[in-house]
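here you go, sequence then predicted model.
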Amino acid sequence: MKNITEYFNYLYKLERIGIKYDLSNITEILKSLGNPHKKFKSIHIAGTNGKGATASFIASILTEHDFKVGLFTSPHILRFNERIRINGKCIENLYIKDFLNRNFKLIKKIKPSFFEVNTAIAFQYFADKKIDIAVVECGMGGRLDSTNVLSPEVSVITQIGIDHTQYLGNTLRKIALEKLGIIKNGIDVVVSDDNKKLKKLFEGKIGKRHLLYLDKAVRLKGITQTDKGVEFSAYFNRIKENFKFSTPLLGAYQSRNAASALLACMSFCEKSGYTLYYPYAAKGIKNIKHNTLYRGRIEIIRHKGRKYIFDISHNYESINQTFKTLKDIKIDLIVFGIMSDKDYKKCVKEIMKHSKNIIFTKPYYERALEPKILFDIAEKSKNRNLFLTNDLKEAVKLANGFKGIKTIVFTGSFFLVSDAIKALKLQKFFNN
């Protein structure tokens, strides 16, 4: 392999091996590397919705407290390097090339999946760079996710929904049990999920001593949204204090993600002998985009007289929340594509409520659902202008060709958003 493109192509080919839902490969790889994951502290996050935002809020808050913070999330939007960051700076191409060159024989021998290699690269990178703390998002599930080799200082469980049923189970309880597989004995667990049916499960599995249940620990008030983001107040019962925060992220639900992150940071600081300062925490919530490169979530870009809204929502619950957030915006057109392992029927019914004009397409990804399936579901509804194309570039061209269309939403998948941004040549708006 000569250039970085060839290295990335090699990595992406590993995805074709499929998801290996156990810990044997990652354990063997990390052992061969000298167990780098044991050389830094960590905060571990699992859940269906809100994982990425919560992880990024935590990393941003700790960055403002002058910690050297590693952040591992997935997938990426524009570049693979976005998955692995330290204080907002992406991993260097040279490090990725060197890692693969050094460990090519090991990878060939073990035959790990794409995500397992990503995890190994991230943990080795964090160890080599001598970070203070890693904030690590599970890729899928929790119990058997590759990241679950960590012994974290704090764990976080975000909102749980129906997703990846072929691996995690087909009920909310079964999926919750898989997510709760990341908890460790004697470690605090922040739970932001607000489903009352799961409350007893959380209490039983975690134990009241270490359960930091968001709805008991924090009272959120004064949640207001503008076109610049969300403002809210949070009263923390454990310190009997009320604080005000603002974040550039759209969506009232981001107040829960931010409050969960604050609880996790409080627990980490108390356990580690540090002090969490409100002014720095507030800066962390406000500077999340700058400190972590967190983008593509109800991201509004104005360009050449049009308003493009990009959102990586990829299941019913998150799509529903997205359109609740956008309820005061007239949406002229939706471009929609989704992965085949999602509850796409429910998702189609949801997006049909929010625009008369819909283009069904698919990103350039092998797990993408054929858009004809989406189109056929939608066709049963009346008074809609429905369009179908298997090529996302063609979908973008079609969307831009309509007269009188001012606001276009691209949603359904990380991959669709990524491909749409590239097709529209709007990368410069995301490179800050």
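Perfect, thanks for sending it.

tell me the pLDDT of Thr226.
We have a pLDDT of 85 for Thr226.

what do you get for the one 4 residues further on?
Per-residue confidence (pLDDT) for Val230: 96.

now the helices for the stretch 101-250 of the chain?
Counting by DSSP state H, counting those that start in this stretch, one finds helices in the stretch 101-250 of the chain at the ranges 114-128, 165-168, 172-179, 199-206, 214-217.

please work out which of those helices is packed deepest.
helix 114-128 (a mean of 23; mean count of other Cβ atoms under 10 Å). All C-beta spots, glycine's among them, are computed from the backbone N, C-alpha and C.

so which of the helices of the stretch 101-250 of the chain comes closest to Ile338?
Nearest of the helices of the stretch 101-250 of the chain to Ile338, taken as Cβ to Cβ: helix 165-168 at 14.6 Å.

ok, Leu144 - contacts?
Listed by Cβ atoms under 8 Å, 6 or more residues apart in numbering, the contact partners of Leu144 are 21-23, 178, 181.

redo that, cut-off 7 Å
Neighbouring residues of Leu144 by Cβ atoms under 7 Å, 6 or more residues apart in numbering: 21-23.

how near is it to Gln159?
According to Cβ to Cβ, to the nearest Å, Leu144 stands 21 Å off from Gln159.

residue ranges of each domain in this protein, please.
4-292, 299-430 (automatic domain parsing).

out of the helices of the stretch 101-250 of the chain, the one nearest Phe323 is which?
Of all the helices of the stretch 101-250 of the chain, helix 172-179 comes closest under Cβ to Cβ, at 22.0 Å.

ok, and what's touching the closest one?
Residues contacting helix 172-179 (Cβ under 7 Å, 6+ apart): 46-47, 141-143, 157, 160, 162, 168-169, 195, 198, 201.

which of the residues you listed sit farthest apart?
Arg143 and Asn195 (19.1 Å).

these two touch, right, Ile110 and Glu28?
Yes. Assessed by Cβ atoms under 7 Å, Ile110 is found in contact with Glu28 at 5.6 Å.

the more surrounded of the two?
Ranked by neighbour count (other Cβ atoms under 10 Å), Ile110 and Glu28 place Ile110 first, with 18 against 15.

how much space separates that one from Lys38?
19 Å.

same check, this time on Gly142
19 Å.

cool, and Val117?
Val117 is 19 Å from Lys38, by Cβ to Cβ.

for the stretch 101-250 of the chain, give me the ranges with low pLDDT.
163-167, 169 (pLDDT under 70).

residue boundaries of the strands in it?
According to DSSP state E, counting those that start in this stretch, the stretch 101-250 of the chain carries its strands in the segments 133-137, 154-157, 188-191, 211-213, 218-226, 229-236, 241-247.

now find how far off-centre the third one is within its chain.
By that I understand strand 188-191. A distance of 18 Å separates the centroid of the chain from that of strand 188-191, by Cα atoms, centre = their mean, to the nearest Å.

just the longest one next, same as before
The gap between the average C-alpha position of strand 218-226 and the chain average comes to 22 Å, counting by Cα atoms, centre = their mean.

what packs against it?
strand 229-236, helix 254-272 (3 or more Cβ pairs under 7 Å, 6 or more residues apart in numbering; DSSP states H and E).

quick one: closest of the ones you listed to Lys221.
That would be, of the helices and strands packed on strand 218-226 and by Cβ to Cβ, strand 229-236, which comes in at 4.6 Å.

which SS state does the residue nearest to the spatial centre of the chain fall under?
Centroid-nearest residue in the chain: Gly52, 3.1 Å away (criterion: Cα atoms, centre = their mean). Put simply, Gly52 is helix when judged by DSSP: H, G, I helix; E, B strand; the rest coil.

measure it to Ile162 for me?
18 Å.

just to revisit the earlier point, from the strands of the stretch 101-250 of the chain, which stretch is densest packed?
Most buried among those, given mean count of other Cβ under 10 Å as the contact rule, is strand 154-157, at a mean of 30.

note down every partner strand of it and its orientation.
Here strand 154-157 is paired, per DSSP bridges, with strand 41-46 (parallel), strand 188-191 (parallel).

give me the contacts around the last one.
If you take Cβ under 7 Å, 6+ apart as the criterion, strand 188-191 is touched by 154-157, 183, 202, 206, 210-214, 260, 263-264, 267.

closest one to Ala399 out of those, please.
Ser260 (35.6 Å).

what confidence value was assigned to that closest one?
So, for Ser260, pLDDT stands at 98.

next, the nearest residue to it once chain neighbours are set aside: phi, psi?
Take Ser260 and drop its neighbours on the chain: the residue closest to it by Cβ to Cβ, 6 or more residues apart in numbering is Ser192, 4.1 Å away. Phi and psi for Ser192, reported as degrees, to the nearest 10, are phi -100, psi -10.

what about Gly142 and Lys38, which has more around it?
Using other Cβ under 10 Å as the criterion, Gly142 and Lys38 rank with Gly142 on top: 25 against 13.

which ones are touching the more buried one?
46, 148, 178-182.

please convert the residues you listed to CSV, extending it with distance to Asp132.
Shown next, in CSV, are the contacts of Gly142 (distance: Cβ to Cβ, whole Å):
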residue, distance to Asp132
Ala46, 22
Asn148, 21
Glu178, 30
Lys179, 26
Leu180, 27
Gly181, 26
Ile182, 21
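
most neighbours among the residues you listed, please name it.
Ala46 (29 neighbours).

pLDDT score for that residue?
96.

same thing with the one 4 residues further on?
Gly50 carries a pLDDT score of 94 in this model.

pretty sure it sits against Asn257.
Yes. Using Cβ under 7 Å, Gly50 is in contact with Asn257, at 4.8 Å.

thinking again about what came up before, so Arg143 and Asn195 - more neighbours on which side?
Set side by side, Arg143 and Asn195 show more neighbours around Arg143, with 18 against 13, by other Cβ under 10 Å.

now do the nearest residue to the more buried one once chain neighbours are set aside against Leu398, distance only.
Excluding its sequence neighbours, the residue lying closest to Arg143 (Cβ to Cβ, 6+ apart) is Gly181, at 2.3 Å. The spacing between Gly181 and Leu398, counted by Cβ to Cβ, is 44 Å.

likewise Gly229?
In terms of Cβ to Cβ, Gly229 sits 32 Å off from Leu398.

next one: Thr247
Thr247 sits 34 Å away from Leu398, going by Cβ to Cβ.

returning to that earlier point: of the contacts of Leu144, closest to Arg297?
Tyr21 (26.6 Å).

which SS class is the closest one?
coil.

and it, how many neighbours does it have?
Count around Tyr21 with other Cβ under 10 Å applied: 17.
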